[in-house]
Structure formats: C-alpha cells, structure tokens
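Undergrad: here's a sequence, model it:
(chains A and B)
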Amino acid sequence: MKFLFKILKDFPAYLWSGWGAIASILLFIACWDLGNQIYGNLVLPSPLETFKTLALMLQDDSVLAEINTTLYRAFIGFGISLIFGSLLGLTAGFFATASMMSRPIVTILVGMPPIAWIVLAMIWFGMGDETVIFTVVVASFPIIFVGALQGTRTLDGELKQMAESFNLPWHMKFIDVYFPHIFSYVFPAWVSGLGMAWKIVVMAELLATSDGIGASLAVARSQLDTPTALALVTIMIGSLMFIEYIVLEPIKREVESWRS
Amino acid sequence: MEKLEVLNVNHHFGFTEILNDINFTLNKGEVLSIVGPSGGGKTTLLHLCAGLLDVEEGKIDNSFTTSSFAFQESRLLPWKNVIDNISLGLLANGVKKAEAIKMSQDVALKFGLEEDDFEKFPKDLSGGMKQRVSFARALVVKPSLLFLDEPFSALDIGLKKELQTHLLNEVKENNLTILFITHDLMEAIRLSDKILLLEADPGHIVHTFKYESKQSSRDDKFVYDETAKILSHEQIISTFELELK
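TA: Below is the predicted model:
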C-alpha cells in the first residue's frame, strides 16, 4: 500500500520528465508528414488524415470489437507465458542440470522464426483463437523463462550466508533476500515478453484469422486503404507505449530505485 | 558459563585437507583471534564455529545463547536502506517492527552514521559507511558471541581504530565475547586476550600467544613493542614465510 502510494506520488514528476520524449515523437510525426508531402496520400497518408481515420474508427463498435478480440488473445497468450515461464524458469534456475538442459531448448524456441510457428499452428489448430494464442505463447514464453532462470541462477551466495548467520526465518529469507533479486530479473523479462506478445498477436491474426486487428490490417491491405492500415498500426503502438511508459515504467523505477 | 569448545576438528573440501586437528576453547568475555597467512583455512574455521558449515570430523560445542557475524565485505542487502539493513537481525528474532527501527536508529547514530544516511541505499554509501552499517547490524542484536571475518581489512586507520574502540567498549560493558580472524598482527595484539597462530596446508594451530593486560591499558607503544617481539618469533617467521624476503 505504502509502495503504491509512493508510485502515485512520484507519478507527476515522472510525467513532467516526459517532455523530451514528447518532443521526439512530434519530430517523428513531422518527418512522417514530410514523407507524405514527397510520396503522396496513397503511399503515405498524412498524420492528420491518419488520426482523423483513427478517431472515426474508435467510435465504431465493430472496430472496438476487433480490438477486444486481439486484446483477449494477446492477454491469454501472455498470461500463460507469464505463469508457466516464471514458474518453470524459477524452478529450473535452482537445479544446475535443469538450467543446463533448458539452454539449448530455449535457443531453439528463440531461434525458430515466429512465422514458422504460425504455419505449424495453422496445421495443428486450424484457423482460430488457438493458433494465435499458441504463437503468442511460443514467442513470449522463452523470454520470460530465461529472465526467471537468470533470476534464480544469479542469487548471491554471500547474501544467503549472511541471511543464515542471522538465522532469518524462511519467510524473511524469501521476502527480504531472494524475492527482490529475482524480481529485478523477472520484471524486465515480463515487459519484453509483453512487447513480443503484442507484436506477434497481430502477425498471427493477419495470417490465421478473420477477426482482430491483424485481420483488419489484411482487409485494409487488400483494399489499398492506407489510412486505415496506418490507424491500426497507431492503435498498436499507442497502446504499447501507454502500457510501457505510463503503467510499467513508474513501477519499474520504484521497484529498482536501489540499483545504481 | 557460556563457552565455545572446538575439539579435534578436521575439514576437507573434496580431497584437499583444509583444517587438521584444531583444538581451542573460547570463554565468555574473551577476545580470541586467529591469525595466519591468507588461504590458511581461517575463514573455514570461523564458518564452522558459526554453524555456516557443517562439522565433518571432530566436535564444536557452542553454548553461547546468541551470536552474530560481521563479514569482510559488508554484505548489505542492496534493496534495503540503512535502517532496514540494520534491523534485519532484530526482525528475525521477532522484535516488533517499530521497536526494531528505533533500536536500529540508536545504534546507527552510535556507529557514526547520520540521520541523513538512514534512508540511503547501500549503493550511495562509501565503503567505510557500509562497514559501519554491517557492524551496527551485527551488534544491534546484542550478541553474546560475535564472529568477525577480517572486517577491518579494507578500512582506513582512523575508522579502523574507531570501530575497534566500539568493540572493546562492548567487551568491557556487556562482556561481549569475540572470535576474530585477521592477518594483521597489530590488530590482533591490540584486541585479543589470546592469539592462535594458524599455519597453512593444511591449517593447524602451531602456537598460542596470551596477553594478560587489559585491552584498555594497551597503548600504541605496547602494541608496537609486542608486534616487534612477535615478528621475531620463529613460529611467526616460518608461518608467514618472512625469511624469504
């Protein structure tokens, strides 16, 4: 509770520090507009036109339903990765053999292109939710797994010994000695896993389903509707930036304020 | 009476023999230091006495009711501020949070930390300040026996003397018992009632030096004279391989 309060208290100062980021985004939009003036509306619609399309889309219930579908798939997939990746990673980290054996498997999972997984999933699960969710899980699981594994593998033996010398009871050992260290590895892994999930869900939808943001992108492409395509991309990027900079970053700063 | 008794202790890491037939007794209120060259098994012996390692051969009887440990490095939890680090041992003993914080603040002030430092994380402390916190953490639990693993080795002479004076006060006022390892002979002479000389490969005790005079009466001259005397002792010369110079 005290912790939550501290995050909220520091939030305005954090937002105020965001002017630099806003300036950089505005500069990017200016370059985008320049591109529009050079290449024309069909290739690259102006930012203004894109944002107008976006505003119209956000008032349309069917578009909101598509966004919901995508959100549902991404969060189910990410949720599965989060739970299993963290649990399995933490457990594997405690055993030298398990961490050694899991390394090549992780390399295979990370090295296999997501597009190949989508093809396999389409064969296994057909066209639907399962294919998308499966691809999201396969893509974000190894990231979280490795983060959690590193978290337990790198636990400091000297601090463990210190905890023993003071006879810390098991719950204090976990809360005060192990957890903060593990969390400092797992939390950033969750953030990158989420980013990955959000990207992969659209790609899988584009190829394997008839609904969701990805499918809408496919429709926009076939109709050469560049403003809609760009508006959809804006939704994706906007929501990712919101989650990362407004929700997760303040938590991360607070949690890791002890780091140099 | 509380005492620590070490009987015929041997210890191995794999096939390497680290300690061979160690015997000594530490009585309540005594300061015992173990000196010897680096890599001679001093730390292993201390960890065995403190119960951080399991005794394989021989026996260690520890009847002290409470003990704590100060390490060579401060070993503070990087995610806890100064006060929370100091209160760790108190909370582990079941002291109420508010009381633990109050006691930790008092002891922190006593060890030369300032109120501005209380909320700081270890990353913002100098090496000397970290070691002050580590000492405060070990002493706030009012141990009956204190284990020290070369805790002064990285400190400047001023701070070294200050912390040593703190320890000697604790010995005088609260009858604190200290088991202390070091490779600094002057330090050992200043603080100890008894010095065990540990020779390496494998670690075994080759000589015991005793000092009867009260620590508070030992001035610099005493320490220098005794150091000079001990440095010409043949066991010291062979253990530290001084003749090779």
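
Undergrad: what's stretch B:235-245 in contact with?
TA: The contact list for stretch B:235-245 (CB atoms under 8 Å, 6 or more residues apart in numbering or on different chains) reads B:36, B:37, B:185, B:197, B:198, B:199, B:200, B:206, B:207, B:230, B:231. In short, each C-beta sits where N, CA and C put it, glycine included.

Undergrad: can you redo those residues as TSV with neighbour count and secondary structure?
TA: Below are these laid out as TSV (neighbours: other CB atoms under 10 Å in any protein chain shown; DSSP: H, G, I helix; E, B strand; the rest coil):
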residue	neighbour count	secondary structure
B:36	24	coil
B:37	15	coil
B:185	20	helix
B:197	23	strand
B:198	24	strand
B:199	19	strand
B:200	17	coil
B:206	14	strand
B:207	16	strand
B:230	19	helix
B:231	13	helix
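
Undergrad: could you dump the residues you listed into CSV with distance to residue B:139 and pLDDT added?
TA: Listed next are the contacts of stretch B:235-245 as CSV, based on distance: CB to CB, whole Å; pLDDT from 0 to 100:
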residue, distance to residue B:139, pLDDT
B:36, 26, 87
B:37, 29, 84
B:185, 25, 87
B:197, 28, 89
B:198, 26, 89
B:199, 32, 87
B:200, 31, 82
B:206, 32, 86
B:207, 31, 86
B:230, 29, 84
B:231, 32, 84
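
Undergrad: ok, and of the residues you listed, which contact chain A?
TA: Among the contacts of stretch B:235-245, not one lies near chain A by CB under 8 Å from any CB of the partner chain.

Undergrad: and of these, the nearest to residue A:227?
TA: Nearest to residue A:227 among those is residue B:37, at 78.1 Å by CB to CB.

Undergrad: that closest one touches residue B:201, doesn't it?
TA: No - using CB atoms under 8 Å, residue B:37 makes no contact with residue B:201, being 9.6 Å away.

Undergrad: which residues of chain A lie near chain B?
TA: A:158-159, A:161-162, A:164-169, A:172, A:176-177, A:180-181, A:184, A:257-260.

Undergrad: of those residues, grab the buried ones for PyMOL.
TA: Selecting only the buried members of the residues of chain A next to chain B in PyMOL, with burial defined as 16 or more other CB atoms under 10 Å in any protein chain shown, works like this:
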select buried, chain A and resi 159+161+162+164+165+166+167+168+176+177+180+181+184+258
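
Undergrad: centre-most residue in chain B?
TA: residue B:148 (1.7 Å; CA atoms, centre = their mean).

Undergrad: how about low-confidence regions in the chain?
TA: This is for chain A. Within chain A, the stretches with pLDDT under 70 are A:1.

Undergrad: chain B, not that one
TA: If you take pLDDT under 70 as the line, chain B has these spans: B:244-245.

Undergrad: which bits of chain B sit near chain A?
TA: Counting by CB under 8 Å from any CB, the residues of chain B that sit close to chain A are B:47, B:50, B:52, B:68-69, B:71, B:73, B:75, B:77-80, B:88-89, B:91-93, B:121-123, B:137, B:141, B:147.

Undergrad: which among those end up buried?
TA: Buried among the residues of chain B next to chain A by 16+ other CB under 10 Å: B:47, B:50, B:52, B:68-69, B:71, B:73, B:75, B:77-80, B:88-89, B:91-92, B:121-122, B:137, B:141, B:147.

Undergrad: okay, and which of those residues map to strands?
TA: B:68, B:69, B:147 (DSSP state E).

Undergrad: all helices for the chain, in order.
TA: You didn't say which chain, so I picked chain A. A:2-16, A:19-39, A:47-58, A:61-94, A:96-111, A:114-125, A:129-153, A:157-165, A:170-172, A:179-208, A:213-222, A:226-241, A:249-255 (DSSP state H).

Undergrad: wrong chain, I was asking about chain B
TA: Under DSSP H, chain B gives helices at B:42-50, B:82-86, B:88-92, B:97-110, B:127-139, B:157-174, B:185-191, B:220-231, B:234-239.

Undergrad: quick one, the first one and helix A:157-165 angle?
TA: Between the direction of helix B:42-50 and that of helix A:157-165, the angle (axes from the mean of the first three to the mean of the last three CA atoms, to 10 degrees) works out to 30 degrees.

Undergrad: ok, back up a step: would you reformat the contacts of stretch B:235-245 as a markdown table and include distance to residue B:243?
TA: Formatted as a markdown table, the contacts of stretch B:235-245 follow (distance: CB to CB, whole Å):
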| residue | distance to residue B:243 |
| --- | --- |
| B:36 | 17 |
| B:37 | 14 |
| B:185 | 16 |
| B:197 | 16 |
| B:198 | 19 |
| B:199 | 14 |
| B:200 | 16 |
| B:206 | 15 |
| B:207 | 16 |
| B:230 | 15 |
| B:231 | 12 |
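
Undergrad: which one among the residues you listed gets closest to residue B:7?
TA: residue B:198 (16.5 Å).

Undergrad: distance of that closest one relative to chain A?
TA: 21 Å (CB to the nearest CB, to the nearest Å).

Undergrad: wait, that residue touches residue B:188, no?
TA: No - using CB under 8 Å, residue B:198 makes no contact with residue B:188, being 11.5 Å away.

Undergrad: now do the shared contacts for these two.
TA: Common neighbours of residue B:198 and residue B:188 (CB under 8 Å, 6+ apart) are residue B:35.

Undergrad: returning to that earlier point: okay, the helices of chain A, which one's buried deepest?
TA: Among these, helix A:129-153 has the highest mean neighbour count (mean count of other CB atoms under 10 Å in any protein chain shown), at a mean of 24.

Undergrad: which elements pack onto that helix?
TA: helix A:61-94, helix A:96-111, helix A:114-125, helix A:179-208 (3 or more CB pairs under 8 Å, 6 or more residues apart in numbering or on different chains; DSSP states H and E).

Undergrad: Serialize those to TSV and add fields for distance to residue A:49.
TA: Listed next are these as TSV, based on distance: least, CB to CB, whole Å:
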stretch	distance to residue A:49
helix A:61-94	17
helix A:96-111	39
helix A:114-125	31
helix A:179-208	22
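
Undergrad: does residue B:5 touch residue B:25 like I think?
TA: Yes - at 5.1 Å, residue B:5 counts as touching residue B:25 under the criterion of CB under 8 Å.

Undergrad: what do those two both touch?
TA: Common neighbours of residue B:5 and residue B:25 (CB under 8 Å, 6+ apart) do not exist.

Undergrad: contact partners for residue A:151?
TA: So residue A:151 contacts A:89, A:90, A:93, A:181, A:182, A:183, A:184, A:185, A:186 (CB under 8 Å, 6+ apart).

Undergrad: can you check residue A:227 too?
TA: A:45, A:49, A:50, A:52, A:53.

Undergrad: farthest pair within those residues?
TA: That would be A:45 and A:52, which, of the contacts of residue A:227, are the farthest apart (CB to CB) at 9.5 Å.

Undergrad: relative to residue A:66, which of the helices of chain B is closest?
TA: Judging those by CB to CB, what sits closest to residue A:66 is helix B:82-86, at 48.8 Å.

Undergrad: which residues are contacting that closest one?
TA: Contacts of helix B:82-86 (CB under 8 Å, 6+ apart): B:76-77, B:101, B:104-105, B:107-108, B:113, B:117-120, B:122, B:125, B:133, B:136-137, B:140.

Undergrad: what about stretch B:180-199, start to end distance?
TA: 16 Å (CA to CA, to the nearest Å).

Undergrad: now residue A:256: phi and psi?
TA: Dihedral angles of residue A:256 (phi, psi; degrees, to the nearest 10) stand at phi -110, psi 20.

Undergrad: so what's the residue count around it?
TA: Applying other CB atoms under 10 Å in any protein chain shown, we find 14 residues neighbouring residue A:256.
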